[in-house]
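>>> what follows is a predicted structure for the sequence shown.
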Amino acid sequence: MTATWVPGADATPYTVANLPYGVFSRPGEPARAGVRIGDHVLDLAPVLHDEVFATGSLNAFMARGRTAWQDTRRLLQRLLSADAKEAPANRAALEPHLIPLRQVRLHLPVEIGDYVDFYCSLEHATNVGHIFRPGGQALMPNWRHLPVGYHGRSGTVVVSGTPVIRPRGQRVATPDGEPVLAPTAKLDIEAELGFVVGTPTRPGESAGDFADHVFGVTLLNDWSARDIQAWEYVPLGPFLGKSFATSVSAWVTPLEALEAARIPGRAQDPEPLAYLRRSEPWGLDISMEITLNGEPVSSPPYREMYWTPDQMLAHLTVNGASLRTGDLYASGTVSGDEPARRGSLLEITWNGAEPVKLSDGQSRSFLEDGDTVTITATAPGAGGTRIALGEVTGTILPGLA
Ligand SMILES: O=C(O)/C=C/C(=O)CC(=O)CC(=O)O
Ligand SMILES: [Ca+2]
Ligand SMILES: [Mg+2]
């Protein structure tokens, strides 16, 4: 792997093999795009002499398409390399634009267009089916034929670190089955990956190559109020139980940084329709980690997802619906086959029956006010390295009574 001249960076999972994009500002200055290298952010507009990076979101850059993404990444890798013979000159030119992360505020990196959430984990869908529809069929007959999804609320997608206000809504709390309006008593998380669309499509055109359209990956927490969700979701699916907040990481990892993480998707039976058949390996060997108030509670394995992100994109556009730059689609909760690998408290605690024990003697079935949940992830990077995908974190605040 190419070493970098940026102090300390090669000892972090943010080497030149990674280079995620984000949007940052220093106090009193406008928000602009940067790449993370070690514990610094490189201010791109002055370094690349390109105002596309000074617009306050990544959208205009993402709209340029894959060749521009590749060219920019290669150029940045060269400029940051310690091995290039121009390294001393590059260092002198770039160092004034290298800002310690502790001096910056990180913003929502993308102006989100539409937000779609899928349901791609076989284990998650099976668990939720058992919990929400006891005695019924866990997996609906469509599940193995298409990646099930719904349109979420893009206006409430927030950047990591934004507090999450406990939602209230209709929920059934009494044995008589009558609803009340009350704060959720079952506030939960869903550990997911989000895929950010760069290149749009026209109406009536289905998306071609996944890597031509998807710019990169975020970590995503689809906060969920299980009591509101369980009462409202029939028959149209998730609504107010999920629309109050969805958090994403401040860093978008470009697809190219995940080249070494690509694996064949899981075997699919039955074979799906032709438009969903996979021609390239787009399973991703990404290991996720969930902490609750700093304590590890689960390690969801993205590699075990049933539907892959190229299949999600193919399905999203098969009806001719167009894509816009900034559209975000999420994988659905990432759950493995045992409690310590599940991506939601609903599953980890089996709807509260088996609370999580914390080291201070407390336990949790669902989230309490003041709780902080953080999701991180790592993946194989180029040259045998490991790269990190930032973090998505949020603390629960009390809400409307
Ligand atoms: O009704 C159900 O089976 C469950 C629906 C969801 O929880 C939707 C969702 O957010 C999907 C996911 O994250 O996998
Ligand atoms: Ca979800
Ligand atoms: Mg949500």
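On my side now, so go ahead. Numbering: from 1, shown residues only. Ligands and ions are numbered 1, 2, ... in the order given.
>>> how about the residues of the protein by ligand 1?
117, 119, 124, 128, 129, 132, 190, 222, 233, 238, 332, 333 (CB under 6 Å from any ligand atom). Using the backbone N, CA and C atoms, a C-beta is placed for each residue, glycine as well.
>>> can you narrow those to ones near ligand 2?
Filtering those for proximity to ligand 2 by CB under 5 Å from the ion leaves 117, 190, 222.
>>> that older thread, out of the residues of the chain next to ligand 1, who's nearest ligand 3?
Closest approach to ligand 3 among those (CB to the ion): residue 222, at 3.9 Å.
>>> look up phi and psi at the residue nearest to the closest one when sequence neighbours are not counted.
With CB to CB, 6 or more residues apart in numbering as the criterion, residue 222 has its nearest non-adjacent residue at 3.9 Å, and that residue is residue 190. Here is the backbone geometry of residue 190 (degrees, to the nearest 10): phi -140, psi 120.
>>> nearest to residue 364 among the residues of the chain next to ligand 1?
Using CB to CB, residue 190 comes nearest to residue 364 of the residues of the chain next to ligand 1, at 15.7 Å.
>>> and that closest one, how far from residue 73?
30 Å (CB to CB, to the nearest Å).
>>> tell me which of these two has more neighbours.
residue 190 (26 against 17; other CB atoms under 10 Å).
>>> spit out the contact partners of the more buried one.
Neighbour list for residue 190: 221, 222, 223, 224, 332, 333, 343, 344 [criterion: CB atoms under 8 Å, 6 or more residues apart in numbering].
>>> looking at the residues of the chain next to ligand 1, which are in strands?
Among the residues of the chain next to ligand 1, the residues falling in strands (DSSP state E) are residue 117.
>>> which one of the residues of the chain next to ligand 1 is nearest residue 363?
Distances from residue 363 to those, taken by CB to CB, are shortest for residue 190, at 20.5 Å.
>>> how about the residues of the chain next to ligand 1 in TSV, adding pLDDT?
Below are the residues of the chain next to ligand 1 laid out as TSV (pLDDT from 0 to 100):
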residue	pLDDT
117	98
119	98
124	98
128	96
129	95
132	90
190	98
222	98
233	95
238	96
332	98
333	98
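>>> show me what from the protein comes close to ligand 3.
So the chain meets ligand 3 at 222, 242, 246 (CB under 5 Å from the ion).
>>> do that again at 8 Å, thanks
Within the chain, the positions near ligand 3 by CB under 8 Å from the ion are 117, 152-153, 156, 190, 221-224, 238, 242-246.
>>> next step: those restricted to helices.
242, 243 (DSSP state H).
>>> walk me through the domains of the protein.
Under automatic domain parsing, the residue ranges defining each domain of the chain are 9-107, 115-397.
>>> ranges for the helices of the protein?
Using DSSP H, helices in the chain cover 44-48, 59-62, 66-80, 87-94, 122-132, 210-213, 226-232, 240-243, 309-317, 345-348.
>>> what parts of the stretch 151-300 of the chain come near ligand 2?
190, 192, 222, 224, 238, 242.
>>> gap between the one residue in the stretch 201-350 of the chain that gets nearest to ligand 2 and residue 356?
Proximity to ligand 2, evaluated over the stretch 201-350 of the chain using CB to the ion, is greatest for residue 222 at 3.5 Å. From residue 222 across to residue 356, the span is 19 Å (CB to CB).
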